[in-house]
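Asks: Coordinates for the following, if possible.
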Amino acid sequence: MTSINPYITGDPVGNRPAFVGRIDILTNVLKVVSVLNNNIVLYGQRRMGKTSVLQVLETKLSEDESCLPVFFDFQDQAQQPVKQLLGELAYKISDGLNQATPNLGPNPSATFFKWLTEILNHLPNDKSKLVLLFDEFDVLADPESDEAGANFLHEIHKLLNLNKKRLNVIFVIGRKVSELSNITISLFGNIPAQQVSLLKHDDIVKLTRLSETNKSLNWSDGTVKAVWELTSGHPFLTQCLCYHIWEHLCCRQASDEPSTVTLKNVQEAIPDTLIFSRNILESLWRSLPPAAQVVASALAGAGAKAMSKVELDILLNQGGVQKVIRELNNAPEILVDWDIIEEIEGSYRFRVELIRCWIAEYKSFHQALDLALNQAHPDADKLYQKAQELYEAQFLDEALILSRSALKKFSDHVKANQLLADILLEQDAYHEARDILEKLYQFQADAARSRLIQVLLLLTKSNNSEEEQLKLFERILEIEPKHPEAKRQKQDLLNRQEAKKQQRIETIKDIYDKHSKLMWEFLGFIFGLLISYYWLTDRIPTQPLIVLEVEQLSNEVSKYAITGVVSDKPYVLDTVKILPICDYPVKQATFKYDIYTQLVDLKLNPNTNPKTYWIDKSLLQQSLAEKEKDFSFEFLDEDRFTFYFQFEAPKSTLAEFECQVFTADNRKVPCQVREKGYLSLFRGIPWFGSGTILGIILIILIEIRYAFKKRRHNVGYQPY
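Replies: Numbering: from 1, shown residues only. Predicted structure coming up:
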């Protein structure tokens, strides 16, 4: 089956089945022109169907016997001189009225208006009027148009005042009147304006189902709804989307039965639609002021959901836009006026999802911001342009100076920052280039990313420190987590570091295996000395202290001997008191001193608790050495004096003792009574002697342990 694609994507669709809707616009225009005898301006986005509306108006006006419509297209006429434009217009009018084309001669303006006056005065009847339909009129009304366009606008101004009852004009422009030149604004001052905007839902349903009219393609309600959600009434994008769906399904159709569009078919046609519509959408994009482009790209990048005004302000402030573009406050209003976005309960969203998709795909926020910032600082941009020319001519030093000057005027000029970084890279100034790009990355990540990664890779090659190299690779992976070269080189570096670490471990292990026995023997000897020193510090007091040792005699619990063993220095004593603590009374308490064989009974003070037994110098001299005038009661260690106690108690009774010592100069010296044991054997041996003995013992044990380990290794012993 051979079918014709009913969807039209190139030419206007006026007076064809693809023209749907616009009843309200047609009615209003016909009323203004036919009834009110006035002119009117139709405006709207490009490819919104303005020319198609004009074509239908031409047909409908032709059906009115009182109207004589003449269609004139100003496309590609902007550079024509006034004489030629008037000549072309005269030709169109004369052709439409079946009149001879006038020769405008050397004074085209005067001749044209004289001729046109005659034409208007000789129309078929009193009610007849000439209606001029001017398409693409804004090419002459552009603020940047040349002098010829401005001169022709003066001619149009005279035309409008020539004969208001006999002559009306319908202007079609692709922008709002307020965006045109001052002359045009003055020209359109009292002329009503009608916007040609998006189609209504019912019109889009009718347009979408055009293929069902020629029975080439069927649509479900769901797929028609999907088309509406994507185009929201945009006539060109609806035609374009349906066109590509039709081409995809019908060109491959083998059966005579028409296919039915699925939701998948609709989604698959979106990329081709965006590519096909690129020129149209580019034109729409260029027609927007820079601030509106920034806001549109910000909203597009945020997705299909609505964005509140607060969220939009936050996003713009993060980009640093509010500081440099005053027009941002009015930008959302401009986008609303052009039906690009709509405001819903304090939030903004795109009216046409396909336009949002195209902007999100091809016009990033940072691109729009870059352009807007540059246009907001023309002096900086001019310096950058000159620096770029010098850079391309390889005058690097001069380009460096100008790029720095541009950044002094506007430090956030993206391209100037990029250029400065490129120059510094060529001059091997990697660190300064990195500083420039790191700052740029903070507010224009996309613009800085590739160059920053490049300079970081160069720094890794010029840096000999592995730790610094690792930091650089980690920074690259922060910027681009999947960067293959950075991932590979980082892993290679980590592998090298791990290999070096293992090598150090093996070296230490080899040294340990060769010298561990000597090391442990040395540590054992030192350990013995330390233990002896700190242990004998307690056995040999360094603070004022006298130590007595108590032991049981003949394994009888009731008999004890208390012997003076050690003191911090030799004391001359006056009195030594012993306080026995026992549940049974003392049966006998005596004292033996030095070389004297005689035992001396201890004195008793029964009024203390416990009772106190004591000996003093006067008692000893009286009992032992009456004739020795120089008798001295000295503390003598090595068992030179001993107290003996026997209790009236069974063998199971254990006694404890306390002591008190007073010197000849009436000072009390701390005294302790300790139990005699194995440690008493070391009394009298210097600490370093005891330490040496202990160290030798430890060395012998270490030798035995290593000998056993060696033997176990030789017989192939494997520990579990």
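Asks: just how off-centre is the top helix by length along the chain within its chain?
Replies: For the chain, the longest helix by residue count, based on DSSP state H, is helix 484-539. Relative to its parent chain, helix 484-539 has a centroid offset of 42 Å by CA atoms, centre = their mean, to the nearest Å.
Asks: what's it packed up against?
Replies: helix 445-462, helix 466-479, helix 687-714 (3 or more CB pairs under 8 Å, 6 or more residues apart in numbering; DSSP states H and E). (Each C-beta comes from the backbone N, C-alpha and C, glycine too.)
Asks: Nearest to K127, out of those?
Replies: For the helices and strands packed on helix 484-539, distance to K127 was read as CB to CB. The smallest value, 63.8 Å, belongs to helix 445-462.
Asks: Can you give the distance of the closest one from its chain's centre?
Replies: Centroid separation for helix 445-462 versus its chain: 17 Å, with CA atoms, centre = their mean.
Asks: ok so, going back, next, the angle from the longest helix of the chain to helix 466-479.
Replies: 130 degrees (axes from the mean of the first three to the mean of the last three CA atoms, to 10 degrees).
Asks: average pLDDT across helix 484-539?
Replies: The pLDDT scores in helix 484-539 average 81.
Asks: Could you point out the helix or strand that follows that helix?
Replies: strand 546-553 (DSSP states H and E).
Asks: what is the rounded mean pLDDT of that following strand?
Replies: 87.
Asks: Kindly format the C-alpha coordinates of it as PDB.
Replies: The C-alpha coordinates for strand 546-553 follow below in PDB (Å, rounded to 0.1, in the frame of the first residue of the first chain):
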ATOM      1  CA  ILE A 546      64.400   0.600 108.500                       C
ATOM      2  CA  VAL A 547      63.300  -2.900 107.600                       C
ATOM      3  CA  LEU A 548      63.100  -5.800 110.000                       C
ATOM      4  CA  GLU A 549      62.300  -9.400 108.900                       C
ATOM      5  CA  VAL A 550      60.200 -11.800 111.000                       C
ATOM      6  CA  GLU A 551      60.500 -15.600 110.800                       C
ATOM      7  CA  GLN A 552      59.100 -18.500 112.700                       C
ATOM      8  CA  LEU A 553      61.500 -20.500 114.800                       C
END
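Asks: give me the low-pLDDT residue ranges for the stretch 201-350 of the chain?
Replies: Applying pLDDT under 70 to the stretch 201-350 of the chain flags the ranges 253-255, 318-327.
Asks: in the stretch 101-250 of the chain, which spans are helices?
Replies: 108-121, 147-160, 182-187, 201-208, 210-213, 221-231, 235-250 (DSSP state H, counting those that start in this stretch).
Asks: Find the one among the ones you listed with the highest mean neighbour count.
Replies: Neighbour counts (mean count of other CB atoms under 10 Å) averaged over each of these peak at helix 235-250, with a mean of 23.
Asks: for Y678, what are its contacts?
Replies: For Y678, no residue meets the contact criterion (CB atoms under 8 Å, 6 or more residues apart in numbering).
Asks: Check L26 too.
Replies: Counting by CB under 8 Å, 6+ apart, L26 touches 53, 56-57, 60.
Asks: 7 Å instead, please
Replies: For L26, the contact set (CB atoms under 7 Å, 6 or more residues apart in numbering) comprises 56-57, 60.
Asks: Check F112 too.
Replies: 86, 90, 104.
Asks: and if you look at F657?
Replies: 550, 562, 578-581, 673.
Asks: Likewise for N463?
Replies: Counted by CB under 7 Å, 6+ apart, N463 has contacts Q469.
Asks: Phi first, then psi, for it.
Replies: Main-chain torsions, N463, degrees, to the nearest 10: phi -110, psi 130.
Asks: ditto for G677
Replies: Dihedral pair for G677: phi -150, psi -160, per degrees, to the nearest 10.
Asks: I'd like the contacts of L26 written out as TSV, with neighbour count, distance to A486 and pLDDT added.
Replies: TSV is the format used below for the contacts of L26 (neighbours: other CB atoms under 10 Å; distance: CB to CB, whole Å; pLDDT from 0 to 100):
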residue	neighbour count	distance to A486	pLDDT
V56	21	61	92
L57	26	63	91
K60	17	67	90
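Asks: so which of the residues you listed would you say is closest to E478?
Replies: Looking across those and measuring by CB to CB, the closest to E478 is V56, at 59.2 Å.
Asks: quick one: the closest one from P12, how far?
Replies: Between V56 and P12 the distance is 9 Å, computed by CB to CB, to the nearest Å.
Asks: do the same with D412
Replies: 44 Å.
Asks: who's more crowded, the two?
Replies: D412 (23 against 19; other CB atoms under 10 Å).
Asks: The more buried one against L373, yeah?
Replies: Yes: applying CB atoms under 7 Å as the test, D412 and L373 come out as touching, 6.0 Å apart.
Asks: Residues in contact with both of these two, list them for me.
Replies: By CB under 7 Å, 6+ apart, no residue touches both D412 and L373.
Asks: what's near enough to touch E268?
Replies: E268 neighbours (CB under 7 Å, 6+ apart): H248.
Asks: Phi and psi next, for the residue lying closest to P108 once chain neighbours are set aside.
Replies: Distance criterion CB to CB, 6 or more residues apart in numbering; nearest residue to P108, sequence neighbours excluded, is K83 at 4.4 Å. K83 adopts backbone torsions of phi -60, psi -40, taken as degrees, to the nearest 10.
Asks: ditto for V576
Replies: The phi/psi pair for V576 (degrees, to the nearest 10) reads phi -130, psi 120.
Asks: Tell me the bridge partners for it.
Replies: Here V576 shows beta-bridge partners I615, V661, assigned using DSSP bridges.
Asks: What is the neighbour count of it?
Replies: 26.
Asks: Pull the contacting residues for it.
Replies: Counting by CB under 7 Å, 6+ apart, V576 has contacts 614-615, 659, 661.
Asks: Of these, which is the most crowded?
Replies: In these, the most neighbours by other CB under 10 Å go to I615, 24 neighbours.
Asks: ok, now how distant is that residue from E656?
Replies: Noted for I615: a distance of 20 Å to E656, by CB to CB.
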